[in-house]
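In: what follows is a predicted protein model with its sequence.
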Amino acid sequence: MRISIFGLGYVGAVSCACFAKEGHQIIGVDVNEHKVDLINNGKSPIVEKDLDEYIAEGNKNGLLEATTNVENAINNSSISIICVGTPSQINGNIDLSYIYKVCAQIGEALKKKEEFHTIVIRSTVVPGTVRQCIGIIEDSSGKKHMNDFGLGSNPEFLREGTAIYDFWNPPYTIIGIDSEKSQSVLQELYKSLDAPFYVLRPEESEMIKYANNNFHAVKITFANEIGNICKELGVDGHVVMDIVAKDKKLNLSNYYMKPGFAFGGSCLPKDVRGLNYRAKILDVKTPLLNSLIDSNEIQIQRGLQLIYNTGKRKIGILGFAFKAGTDDLRESPMITLIETLIGKGYELSLYDANVLLSKLMGKNKDFIIGRIPHISRLLKAGAEQIIEEADVIVLGNKSDEFREILPQIPQSKTIIDLVRIEKNKQTEDNYVGICW
């Protein structure tokens, strides 16, 4: 394939070298003539393991060249990959000016081109950037997106020092694009990589790099805070974290990686508070661990705000044990939500089959009757009664019973889902998801 790569910094140089290694015809583009000259002389503009050899080979084989001429690059390629910098501004905002400038230049070059052109942004950009850049290219080229060109997001996952290896061994290939024609071209481009290929909406693709990098930052900070506490207690933090990382069922898995409502139950809140208190006694600062309870409470407030936004006063709760299939109400965030609504004078009706069974059979009766009598008095015998009496239905856990009854809820009633009871359901019409 004929590929032009805009930006000969870290990502651009590695992409040029690796795509040339695969046998593609590559044109690197940069405003910096020194970088262009280095590539054309078979040398790398950055220090990275094996990159010099890759670039020298591509240059020698006639598969890799560089230029400052945008029009020449566009006319001699069918795919353009944008790898220009997106630095931070003083206030922390991302500077997209280089992205916008390149897109305008590409648009200008596309004016006289008849061939369909595929463009992807490989730089890290905030969600919505692709949509903005589509407008820039349409305005500067006079061409129409989907008809004359396709523009999408294609985030990279390269680590400095192992970038060549990471290029050939990515965790996955992500394409965020609307154009089916461009999608086919990109699937062909990446077909040699042994990695899952996901096609998403551009905004989802753009967000993934931010989610990944912030998650990495959280993991590093978490390990450091645990390690600091361990040291003060005379414990080897590496031993602890090595064992933590061996749990692939919960710790290194997707089990807790689903956005939704707040955590609760008999373990997590208690143990978060317990470790934070111990750190305080040891005079070890743990801002990340300290933030967990506050962040959890914010998620409860977010759920409450969705209810307030409806402007309705009759609220039905389906499921309020902290997890479906249990009757455990200890530190259930749903109990906090319910008590807040009662305190604000809302008219509530509640149903949870397992909690109702506990009340009747005495399994958790002391807690229900003794600790939350104001809530136990609001319990109804079935979900149908909740749907009939309430104007707003709140889904509080993933009971199969609630999934089956969902289609029976009339359009006139608002559904607020705190748990995403159906995987692909999105906020629309009378249905509102807390994070989707």
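Out: Here it is on my side, so go on.

In: how is the protein divided into domains?
Out: The record's domain parsing of the chain by automatic domain parsing lists 2-201, 295-433.

In: show me how far the last one is from its chain's centre.
Out: Distance of domain 295-433 from the chain centroid (Cα atoms, centre = their mean, to the nearest Å) equals 27 Å.

In: and the first one, by the same measure?
Out: Averaging C-alpha coordinates over domain 2-201 and over its chain gives two centres that are 22 Å apart (Cα atoms, centre = their mean).

In: so for that domain, mean pLDDT?
Out: For domain 2-201, mean pLDDT is 97.

In: show me what contacts Glu384?
Out: By Cβ atoms under 8 Å, 6 or more residues apart in numbering, Glu384 lies in contact with 405, 408. Placement of C-beta: from N, CA and C, glycine included.

In: sec struct for Ile393, please.
Out: Taken by DSSP: H, G, I helix; E, B strand; the rest coil, the conformation at Ile393 corresponds to strand.

In: make TSV out of the domains of the chain and add distance to Gly265.
Out: TSV is the format used below for these (distance: least, Cβ to Cβ, whole Å):
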stretch	distance to Gly265
domain 2-201	31
domain 295-433	5
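
In: and Phe263, which of the ones you listed is closest to it?
Out: Closest approach to Phe263 among the domains of the chain is made by domain 295-433 (5.8 Å; Cβ to Cβ).

In: may I have the phi/psi pair for the nearest residue to Gln411 once chain neighbours are set aside?
Out: Spatial nearest neighbour of Gln411, chain neighbours left out: Asn430 (5.2 Å); criterion: Cβ to Cβ, 6 or more residues apart in numbering. With angles defined as degrees, to the nearest 10, Asn430 sits at phi -100, psi 10.

In: distance check, Asn430 against Tyr346.
Out: 19 Å (Cβ to Cβ, to the nearest Å).

In: for Val120, give me its contacts.
Out: Val120 neighbours (Cβ under 8 Å, 6+ apart): 79-82, 151-154, 175, 177, 182, 186.

In: on that earlier part again, so what's the residue nearest to Gln411 up against?
Out: Asn430 touches 409, 411-415, counting by Cβ under 8 Å, 6+ apart.

In: now what about the one helix or strand Glu71 maps to, what contacts it?
Out: Assigned by DSSP states H and E, Glu71 belongs to helix 70-75. Residues outside helix 70-75 that contact it (Cβ under 8 Å, 6+ apart): 4, 6, 27, 29, 67, 80, 105-106, 108-110, 113, 117.

In: could the C-alpha coordinates of it be exported in PDB?
Out: Extracted in PDB, the C-alpha atoms of helix 70-75 (Å, rounded to 0.1, in the frame of the first residue of the first chain):
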ATOM      1  CA  VAL A  70       2.200  17.800   1.600                       C
ATOM      2  CA  GLU A  71       0.700  17.800  -1.800                       C
ATOM      3  CA  ASN A  72       3.300  15.400  -3.200                       C
ATOM      4  CA  ALA A  73       2.800  13.100  -0.200                       C
ATOM      5  CA  ILE A  74      -1.000  13.000  -0.700                       C
ATOM      6  CA  ASN A  75      -0.800  12.600  -4.500                       C
END
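
In: what is the mean pLDDT for the helix or strand containing Leu341?
Out: Per DSSP H and E: Leu341 is located in helix 333-343. Averaged over helix 333-343, pLDDT sits at 94.

In: mind listing residues that contact it?
Out: 261-264, 296, 299-300, 303-304, 307, 315, 317, 319-322, 329, 348, 350, 372, 374-375, 378, 394, 396-397, 418.

In: now the buried members of the residues you listed.
Out: 261-264, 296, 299-300, 303, 307, 315, 317, 319-322, 329, 348, 350, 372, 375, 378, 394, 396-397, 418 (16 or more other Cβ atoms under 10 Å).

In: mind listing the helices for the stretch 101-250 of the chain?
Out: 129-141, 163-168, 180-189, 202-232, 237-246 (DSSP state H, counting those that start in this stretch).

In: let me fix that, I meant to ask about the stretch 301-436 of the chain.
Out: Under DSSP H, counting those that start in this stretch, the stretch 301-436 of the chain gives helices at 333-343, 353-361, 365-366, 373-376, 383-389, 400-405.

In: where among the ones you listed is average confidence lowest?
Out: Among the helices of the stretch 301-436 of the chain, helix 365-366 carries the lowest mean pLDDT (a mean of 66).

In: which residues touch Glu188?
Out: Met1.

In: same thing with Asp247?
Out: Taking Cβ under 8 Å, 6+ apart, one finds nothing in contact with Asp247.

In: give me that answer again for 10 Å
Out: Going by Cβ atoms under 10 Å, 6 or more residues apart in numbering, Asp247 touches Ser253.

In: if I look at it, how far off is Asp236?
Out: For Asp247 relative to Asp236 (Cβ to Cβ), the value is 18 Å.

In: just Ile416 next, same as before
Out: 46 Å.

In: over to Leu275?
Out: Leu275 is 17 Å from Asp236, by Cβ to Cβ.

In: Asp294 too?
Out: Asp294 is 30 Å from Asp236, by Cβ to Cβ.

In: output the helix holding Leu341 as PDB, restricted to C-alpha atoms.
Out: In PDB, the C-alpha atoms belonging to helix 333-343 read as follows (Å, rounded to 0.1, in the frame of the first residue of the first chain):
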ATOM      1  CA  PRO A 333     -25.000   2.200  48.100                       C
ATOM      2  CA  MET A 334     -28.600   1.700  47.200                       C
ATOM      3  CA  ILE A 335     -29.600   2.000  50.900                       C
ATOM      4  CA  THR A 336     -27.800   5.400  51.000                       C
ATOM      5  CA  LEU A 337     -29.700   6.400  47.800                       C
ATOM      6  CA  ILE A 338     -33.000   5.300  49.300                       C
ATOM      7  CA  GLU A 339     -32.500   7.000  52.600                       C
ATOM      8  CA  THR A 340     -31.500  10.200  50.900                       C
ATOM      9  CA  LEU A 341     -34.700  10.100  48.800                       C
ATOM     10  CA  ILE A 342     -36.800   9.400  51.900                       C
ATOM     11  CA  GLY A 343     -35.200  12.400  53.600                       C
END
